[in-house]
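Student: model this:
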Amino acid sequence: MSLALQRVGGWRVLLRGAVITALAFGAAACASIQNMMPDPSGFRLPDRTTFIPTNTTAFAQAVSKSEPAGPADLVDGQGLCAGALPVASQRGVSLEMTECEVVRALGQPQSVELTPQPGGQRRAVLTYTGGERAGIYQFVGGRLSAIERGDEPPPPPPVAKKPPAKKPKPPPPA
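Tutor: Predicted coordinates for the structure are as follows:
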């Protein structure tokens with residue numbers, strides 16, 4: 001092999017060829033990068049409507065969920081749902097939840113009060129007297145509208161501290 005390299009011109013020719021090839025690849029890479037760059041003439045700054053809406057309803061979103069609560073979302077007189085699922089103890093409760101979503105989160109209430117309202121809607125009041133989320137949960141139209149906290153559990157009785165023991169005095173020297 002060294003004989004073949006000496007005939008062509010040695011290592012210098014091979015090195016020159018490698019450098020020329022590397023430069024050719026580098027120039028081709030620069031050309032493709034240049035074609036990927038955006039055209040500055042097509043760039044424009046955003047106008048004020050990008051940041052400031054044209055009307056105030058762009059920010060307004062409905063507070064309540066769009067669909068009304070259906071019969072499957074309502075509890076009966078005992079506080080049970082038609083498709084009773086197990087209680088999810090770690091789930092939170094928030095406004096606009098349906099009656100059954102709250103019952104699935106907190107369990108069966110201790111008291112249920114159902115009253116019809118004008119306009120065909122109903123009002124339900126579920127009362128939980130125990131547990132960490134004790135309170136009165138009020139529903140209008142099948143959705144939670146108000147929560148009143150229940151009584152806090154009484155604090156544990158204070159632990160009486162014993163006074164420190166007195167050290168006996170040493171006898172007087174004789």
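Student: Packing partners of whichever strand or helix holds Arg12?
Tutor: Take DSSP states H and E as the rule and Arg12 turns out to sit in helix 11-36. Counting by 3 or more C-beta pairs under 8 Å, 6 or more residues apart in numbering; DSSP states H and E, the packing neighbours recorded for helix 11-36 are helix 2-8. To be clear about C-beta, it is placed using only N, CA and C from the backbone, and glycine gets the same treatment.
Student: Now the helix it packs on: average pLDDT?
Tutor: For helix 2-8, mean pLDDT rounds to 52.
Student: now do stretch 11-23
Tutor: Stretch 11-23 carries an average pLDDT of 84.
Student: What of stretch 76-85?
Tutor: 78.
Student: same check, this time on stretch 51-58
Tutor: Averaging pLDDT along stretch 51-58 yields 67.
Student: Settle this for me: Gly77 is touching Ser111, isn't it.
Tutor: No: using C-beta atoms under 8 Å, Gly77 is not in contact with Ser111; the gap is 10.6 Å.
Student: more neighbours, the two?
Tutor: Ranked by neighbour count (other C-beta atoms under 10 Å), Gly77 and Ser111 place Ser111 first, with 11 against 8.
Student: that older thread, next secondary structure after the helix holding Arg12?
Tutor: Helices and strands here follow DSSP H and E; after helix 11-36, the next one along the chain is helix 99-106.
Student: For that following helix, buried residues please.
Tutor: Residues 99-106 are the ones in helix 99-106 that count as buried (16 or more other C-beta atoms under 10 Å).
Student: Counting neighbours, what do you get for Arg15?
Tutor: Rather than Arg, residue 15 is Leu. 10.
Student: Check Leu23 too.
Tutor: Counted with other C-beta under 10 Å, the neighbours of Leu23 add up to 10.
Student: ditto for Gln110
Tutor: Using other C-beta under 10 Å, Gln110 has 13 neighbouring residues.
Student: ok, it - contacts?
Tutor: 127-130 (C-beta atoms under 8 Å, 6 or more residues apart in numbering).
Student: got the residues you listed as CSV, with neighbour count, distance to Gly120 and secondary structure columns?
Tutor: Shown next, in CSV, are the contacts of Gln110 (neighbours: other C-beta atoms under 10 Å; distance: C-beta to C-beta, whole Å; DSSP: H, G, I helix; E, B strand; the rest coil):
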residue, neighbour count, distance to Gly120, secondary structure
Thr127, 17, 24, strand
Tyr128, 20, 27, strand
Thr129, 12, 31, coil
Gly130, 11, 34, coil
